[in-house]
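Engineer: just coords:
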């Protein structure tokens, strides 16, 4: 397809695909000028000191705002462990079994939450264990005495 004739006196249009040819005396561009770097107004950063031993949850950190709050009061399971273990002295050791179980549960719970009562849970576990051991020894002693007395009866 050809273009229609241009009016007289108009130059033909430039070819858009022709390479650009600059004149030989064209001045080259000066190198870019970058601003000078700003002087440091602050000293360079230094390393932070190592955090104290109780930091970041290794132990209960009083300055950590995201740690859960310590529940108020003494753990109820720890109190129940001590009471049921002592009740086992009066009631043939049966409540002491519950005291042992409650003591173990309360020890784990007080360690996890930080609530007071860990000592009560340990005392309940210890007393319950001693009472159950004494009741078992008592029954073993009664059985041994009964077996010996039965052999003497004949």
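Structural biologist: That came in fine, so what should we check first? Worth saying up front: this structure is predicted, and the values here are computed from it rather than measured.
Engineer: who are the neighbours of the helix or strand harbouring residue 120, in terms of helices and strands?
Structural biologist: Per DSSP states H and E, residue 120 falls inside helix 118-153. Packing partners of helix 118-153 (3 or more C-beta pairs under 8 Å, 6 or more residues apart in numbering; DSSP states H and E): helix 76-90, helix 94-113. For every residue, glycine as well, the C-beta is placed using N, CA and C.
Engineer: Give me the mean pLDDT for that helix.
Structural biologist: Here helix 118-153 scores 91 as its mean pLDDT.
Engineer: Just the buried residues of that helix, please?
Structural biologist: By neighbour count with 16 or more other C-beta atoms under 10 Å, helix 118-153 contains the buried residues 118, 120-129, 131-132, 135.
Engineer: Make TSV out of the helices and strands packed on helix 118-153 and add mean neighbour count, mean pLDDT and distance to residue 145.
Structural biologist: Below are the helices and strands packed on helix 118-153 laid out as TSV (neighbours: other C-beta atoms under 10 Å; pLDDT from 0 to 100; distance: least, C-beta to C-beta, whole Å):
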stretch	mean neighbour count	mean pLDDT	distance to residue 145
helix 76-90	20	95	22
helix 94-113	19	95	22
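Engineer: how far away is residue 14 from residue 20?
Structural biologist: The spacing between residue 14 and residue 20, counted by C-beta to C-beta, to the nearest Å, is 10 Å.
Engineer: Looking at those two, which one has more neighbours?
Structural biologist: residue 14 (7 against 4; other C-beta atoms under 10 Å).
Engineer: Who are the contact partners of the more buried one?
Structural biologist: Not one residue lies near residue 14 by C-beta atoms under 8 Å, 6 or more residues apart in numbering.
Engineer: Is it in a helix, a strand, or coil?
Structural biologist: Of the three states, residue 14 takes coil under DSSP: H, G, I helix; E, B strand; the rest coil.
Engineer: quick one, what contacts residue 135?
Structural biologist: Residue 135 touches 88, 92-93, 96, counting by C-beta under 8 Å, 6+ apart.
Engineer: what's the answer for residue 151, then?
Structural biologist: Counting by C-beta under 8 Å, 6+ apart, residue 151 has no contacts.
Engineer: measure the nearest residue to residue 124 once chain neighbours are set aside to residue 87 for me?
Structural biologist: Distances taken as C-beta to C-beta, 6 or more residues apart in numbering place residue 81 nearest to residue 124, at 2.9 Å, with adjacent residues excluded. Going from residue 81 to residue 87 by C-beta to C-beta gives 11 Å.
Engineer: Cool, thanks, talk later.
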